[in-house]
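Peer 1: For reference, the sequence and a predicted model appear below.
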Amino acid sequence: MEDPLTSSSNLAFSLGMGARKTALELALRNGEKTVANTTVSNDPDGHEQLLRWLQEQGAGSEKTGVCMEASGDFEKAIARRLYEKDYRVGARVQGESKDTRRVSFSARRLLLPMRP
């Protein structure tokens, strides 16, 4: 089993995502620096656009962890799509305290099971 995704994981990129009903707001970071950001629609076409955008940025699944705000279930479809492409996906539950945020970002609130 893979190690849980944490904010200190040894990956080149982290993708922060705000999932809304009609849009995904994205920020790609390399360490402390935001290297790219964009917005795509939260539908199958937008999900494919996001995957192409990640590849164009050099942020393939082996180099990139994804963290999204879990709210309203708007994140579930894109979480599944990213997981199908071998991205490591975690979520932060809206309204959590700073003390529990790190735990939710790792194993406690993974949207999908880790691959064996």
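Peer 2: Thanks, I have it.

Peer 1: how near is Lys85 to Gly46?
Peer 2: Taken as C-beta to C-beta, to the nearest Å, the spacing of Lys85 relative to Gly46 amounts to 15 Å. The way it works is simple: take the backbone N, C-alpha and C, and place the C-beta from them, glycine included.

Peer 1: Which of those two has more residues huddled nearby?
Peer 2: A side-by-side neighbour count of Lys85 and Gly46, using other C-beta atoms under 10 Å, places Gly46 first with 18 against 14.

Peer 1: ok, now which ones touch the closest residue to that one other than its chain neighbours?
Peer 2: In this structure, Gly46 finds its nearest non-sequential neighbour in Val40, 3.9 Å apart by C-beta to C-beta, 6 or more residues apart in numbering. When contacts are counted by C-beta atoms under 8 Å, 6 or more residues apart in numbering, Val40 touches 23-24, 26, 46-47, 49-50, 53.
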